[in-house]
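Asks: Following is a predicted model, sequence given first.
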Amino acid sequence: MNILSKITAIAIASATITLGSSQAWSAGSHDGGHGAKKNIGIPGKASEAMQTIEIKMLDNYYEPESISVKQGETVRFIIKNDGEFVHEFNIGTAAMHTAHQEEMMTMFEHGVLEADKINHDMMKMDMGNGKTMEHNDPNSILLEPGKSGEIVWKFNKAGKIEFACNIPGHYDAGMMGKIKFKS
């Protein structure tokens, strides 16, 4: 990634954070704010995975940029953050990503996320109402630079689904990919 791309990514994230800084702390747990997941699938079992897809997260894009799955298929995603910033791999609809971006903004505003690191202690902190900002949904993983992880997901219903990074500014910069359903 060249220096201009890095400056652009930082500027987008900073502008997004500044514009959204008037938002209040979200009223719910981060782990419950992704909407009805049944429309995009359900958590799968690794032993039932029909294919394994490796995903590289780089700064503002994924490799590959799109994937193909079959309805009913269980997929094991192995995700690695090869970028210089924190990134997310999140399976959802465009509307789910829009809602999730607000939650991610809140995480930035409260110091849970920084451009290149995650404050894991703050994620677990009780915000006064028994809610936390833990990022532990089965359709999503948040990774610091150089880290890797996996998601096992069963695509039980075909639909308009994408994978995306909802870190402030990343989706708008093009960090998303299509999930295509094949016969």
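Replies: Looks like it arrived, so ask away.

Asks: Any idea what Lys178 is bridged to?
Replies: Ser66, Glu162 (DSSP bridges).

Asks: That one and Glu162 touch, don't they?
Replies: Yes. Applying CB atoms under 8 Å, one finds Lys178 in contact with Glu162, separated by 5.5 Å. (Glycine included, C-beta is placed from N, CA and C.)

Asks: can you pull out the helices in this protein?
Replies: 3-19, 94-109, 120-124 (DSSP state H).

Asks: If I average pLDDT within each of the ones you listed, which one is lowest?
Replies: Of all the helices of the chain, mean pLDDT reaches its minimum on helix 3-19 (a mean of 43).

Asks: quick one, which of Lys178 and Glu162 is more surrounded?
Replies: Glu162 (20 against 12; other CB atoms under 10 Å).

Asks: Tell me how many other residues crowd Glu63.
Replies: If we define neighbours as other CB under 10 Å, then Glu63 has 12 of them.

Asks: Make residue 1 into 39 and carry on from there
Replies: That works, and once the first residue is 39, the last one we named lands at Glu101.

Asks: Need the per-residue pLDDT for it.
Replies: In this model, Glu101 carries a pLDDT of 98.

Asks: gap between it and Gly215?
Replies: Here the criterion is CB to CB, to the nearest Å. By it, Glu101 lies 9 Å from Gly215.

Asks: List the contacts of the closest residue to Lys118 other than its chain neighbours.
Replies: Nearest residue to Lys118, sequence neighbours excluded (CB to CB, 6 or more residues apart in numbering): Ser186, at 4.1 Å. Neighbour list for Ser186: 116-119 [criterion: CB atoms under 8 Å, 6 or more residues apart in numbering].
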